[in-house]
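Requesting a structural model of the entry that follows:
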Amino acid sequence: MSSGKVLLDDLPLSKFHLKITALTFGAHLVDGYILGLIGITMTRLPAHMGSNDPFWSGFIGSSALIGLFLGSLFFGRISDRLGRQKIFSVSFVVISLGSLLQFYVNTPLELALCRIFLGIGLGGDYSVGHALLAEFCPKKHRGPILGSFSVIWTMGYVAATFVGTALLSSSMLGDDAWRWVLASPCVPAILICLARIGTPESPRWLANQGRPEQAQAVLTKVFGPNVILGDEIVNHHQSTGYKVLFDRKYIKRTLFNCIFFVCIVMPYFAIYTFLPKILEQMNIAEGFVTGLLLNCMLIIGALIGIWCTIQFTRRGFLINSFIILTVGLLGLAILPVSQTVLMIVIFAAFTLTLSAVSNLVGVFPAESFPTEVRSSGIGLATAVSRFGSALSTFCLPVSMYHLGISSTMILLAAVTLIGTIVSWLWAPETKELSLAKAVQVDTCIPPSVTRA
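This next block holds a predicted model:
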């Protein structure tokens, strides 16, 4: 770059990159913790809260995901119109309030409504957090950093099991222990909300709004006077909103991101929200050792996912993972329950792979859409995924009751098979590209380009 200018995409990691990453990661730690709490808490809800009713169990289990669907759509669109920074702060105000309100519920409907409200805040954070971080990250580190969302989220999800179990077992909290458990995310949510005050606006978004001087002012303040956007394509006269995502230019990448995302999270949330019931039907003892093994697999898998994101192509990693997931689910479906050890091995391998490939849900959507619709694109993909996961979470206890565990696993295998096919047809390869170039990659990649 002449005149000593450096592109934002070519910067080394700085203290600011670490700060904005920490603020976003802290949010995902809380997000995972909130969604993980409901599974363990459902086992200790009193009867009047619908704990023994399949309908209320499914509705409460999926309620936060319903809110995520709504929040991702709403805040994703608002973020593209009003900016990233505002939603980056507002989302955690909603999360803090929603967490606190759960302490005061007295009916299953009230709990479900509180969790829907809570989920709306989570949806806002999902749609804007990935967009803001992607728009600041240098290309060399963008994939590993965005993929690391899954590690932090998984740590929060797993921590919920252990913290929730400890609180629910506390004699000091008595019969209202479940209230304290559900309200516990309020404290870290408030801290994150305060820490996000003063976060700068995305310079890419400012430039796209026809405000290049303000964009450069942010870059100068954060990184110094020699840093510029460079190859960012400024389209501030272009249309924005969800309609654009279904234009001929973007429809393949929109469909790909929605479908691959939903095919990962449907089995994830359905299985791990009701893990104790699933293990019981598989004749696997849901003791401390089994629970520890599977939760360790979630964390180890997420860490392996970072390594895979660095070492392999995005496309090859995704397709091969979907194949393993499909085979694993079919194995769980056809094996007799007497094969306990083998089923635990398959379930552990399935957990490892599912956690690893989940890293890509933070990478592909952020790299697939231009600045003017990036948050909307991430929001739409997140919304569709959460609709699917809410549907699978709601239907899973009903399916196991009426169809049995084997048929339920076959249905989930059909979901991952769809993910395999769609990824084979439409997954782009965006590794090592600048953000501006990544969004221009044609999703119609020849099927031969799949080697990891």
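
now this structure, which segments are flagged as low pLDDT?
1-3, 51, 231-240, 272-294, 337-338, 441-452 (pLDDT under 70).

mind checking the end-to-end distance for stretch 166-178?
11 Å (Cα to Cα, to the nearest Å).

which other residues reach that stretch?
Ile40, Thr41, Arg44, Leu45, Pro46, Met49, Trp180, Val181, Ser184 (Cβ atoms under 8 Å, 6 or more residues apart in numbering). (C-beta placed from N, C-alpha, C; glycine too.)

List just the nearest of the residues you listed to Leu342.
Within the contacts of stretch 166-178, proximity to Leu342 (Cβ to Cβ) peaks at Ile40, which comes in at 27.0 Å.

mind checking how far that closest one is from Gly61?
12 Å (Cβ to Cβ, to the nearest Å).

who has more neighbours, these two?
Gly61 (25 against 22; other Cβ atoms under 10 Å).

My guess is the more buried one contacts Thr393. True?
Yes. The criterion here is Cβ atoms under 8 Å, and Gly61 meets it with Thr393 at 4.9 Å.

Okay, and the residue lying closest to Leu330 once chain neighbours are set aside sits in which element?
Closest residue in space to Leu330, ignoring its immediate chain neighbours: Ala413 at 4.9 Å, by Cβ to Cβ, 6 or more residues apart in numbering. Using DSSP states H and E, Ala413 maps to helix 405-426.

Report the buried residues of that helix.
By neighbour count on 16 or more other Cβ atoms under 10 Å, the buried set for helix 405-426 is 405-406, 408-409, 411-413, 415-420, 422-424, 426.

any chance you could map the strands in this protein?
6-7, 227-228 (DSSP state E).

how about those in JSON lines, adding distance to Ala195 and mean neighbour count?
Listed next are these as JSON lines, based on distance: least, Cβ to Cβ, whole Å; neighbours: other Cβ atoms under 10 Å:
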{"stretch": "strand 6-7", "distance to Ala195": "28", "mean neighbour count": "17"}
{"stretch": "strand 227-228", "distance to Ala195": "24", "mean neighbour count": "20"}
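
Of all those, which one is nearest Ile334?
strand 6-7 (52.7 Å).

Which strands or helices does that closest one pack on?
Packed against strand 6-7 by the contact rule (3 or more Cβ pairs under 8 Å, 6 or more residues apart in numbering; DSSP states H and E) you find strand 227-228.

Surely Asn208 and Thr371 touch.
Yes. With contact defined as Cβ under 8 Å, Asn208 reaches Thr371; the gap is 4.4 Å.

Contacts only, for the residue nearest to Leu330.
Thr326, Leu329, Leu330, Ala333.

Output the residues you listed in a markdown table; the columns should cover neighbour count and distance to Gln214.
Listed next are the contacts of Ala413 as a markdown table, based on neighbours: other Cβ atoms under 10 Å; distance: Cβ to Cβ, whole Å:
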| residue | neighbour count | distance to Gln214 |
| --- | --- | --- |
| Thr326 | 21 | 48 |
| Leu329 | 26 | 50 |
| Leu330 | 19 | 54 |
| Ala333 | 17 | 56 |
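
quick check, nearest of the residues you listed to Gly119?
Leu329 (26.4 Å).

Relative to Ser389, how far out is the closest residue to the closest one other than its chain neighbours?
Nearest residue to Leu329, sequence neighbours excluded (Cβ to Cβ, 6+ apart): Ala413, at 3.7 Å. According to Cβ to Cβ, Ala413 and Ser389 sit 16 Å apart.

same check, this time on Leu255
18 Å.

the more surrounded of those two?
The neighbour comparison of Leu255 against Ser389 (other Cβ under 10 Å) goes to Ser389, with 27 against 18.

I figured that one hits Ile264, correct?
No. Counting by Cβ under 8 Å, Ser389 does not reach Ile264; the two are 9.2 Å apart.

From Gly83, how far out is the closest residue to Ile300 other than its chain neighbours?
The shortest distance from Ile300 to any non-neighbouring residue, by Cβ to Cβ, 6+ apart, is to Leu352 (6.4 Å). Separation of Leu352 from Gly83 (Cβ to Cβ): 39 Å.

same thing with Arg314?
Taking Cβ to Cβ, one finds Arg314 at 28 Å from Gly83.

who's more crowded, these two?
Arg314 (23 against 18).

separation between Ser72 and Gly26?
Taking Cβ to Cβ, one finds Ser72 at 19 Å from Gly26.

Quick check: closest non-adjacent residue to Ser91.
Gly124 (3.5 Å).

And for Lys431?
Using Cβ to Cβ, 6+ apart, the nearest residue to Lys431 is Arg314, at 5.4 Å.

quick one, what contacts the one you found?
Applying Cβ under 8 Å, 6+ apart, the residues contacting Arg314 are Gly143, Leu360, Val363, Phe364, Ala427, Pro428, Glu429, Thr430, Lys431.

what's around the last one, how many residues?
By the other Cβ under 10 Å criterion, the neighbourhood of Lys431 contains 19 residues.

these two touch, right, it and Arg142?
No. Lys431 lies out of contact with Arg142 (Cβ under 8 Å); the separation is 9.4 Å.

hang on, the earlier thing: and the contacts of stretch 166-178, which are buried?
Buried subset of the contacts of stretch 166-178 (neighbour count, 16+ other Cβ under 10 Å): Ile40, Thr41, Arg44, Leu45, Met49, Trp180, Val181, Ser184.

which one among those residues gets closest to Met297?
Ile40 (17.5 Å).

so who does Leu8 touch?
Here Leu8 is in contact with Phe136, Pro138, Pro203, Leu219, Phe223, Val227, Ile228, Leu229, Gly230, Glu232 (criterion: Cβ under 8 Å, 6+ apart).

Ser184 reaches Ala160, doesn't it?
No. Using Cβ under 8 Å, Ser184 makes no contact with Ala160, being 9.0 Å away.

Can you check which residues contact both of the two?
Leu37.

Could you give the number of residues near the residue nearest to Asp31 when sequence neighbours are not counted?
Nearest non-adjacent residue to Asp31, counting by Cβ to Cβ, 6+ apart: Leu122, 5.4 Å away. Using other Cβ under 10 Å, Leu122 is surrounded by 30 other residues.

got it, and the one 5 residues further on?
Residues within reach of Ser127, counting by other Cβ under 10 Å, total 35.

who touches it in this structure?
Gly71, Ser72, Phe75, Gly76, Ser79, Ile87, Ser375, Ser376, Ile378, Gly379, Thr382.
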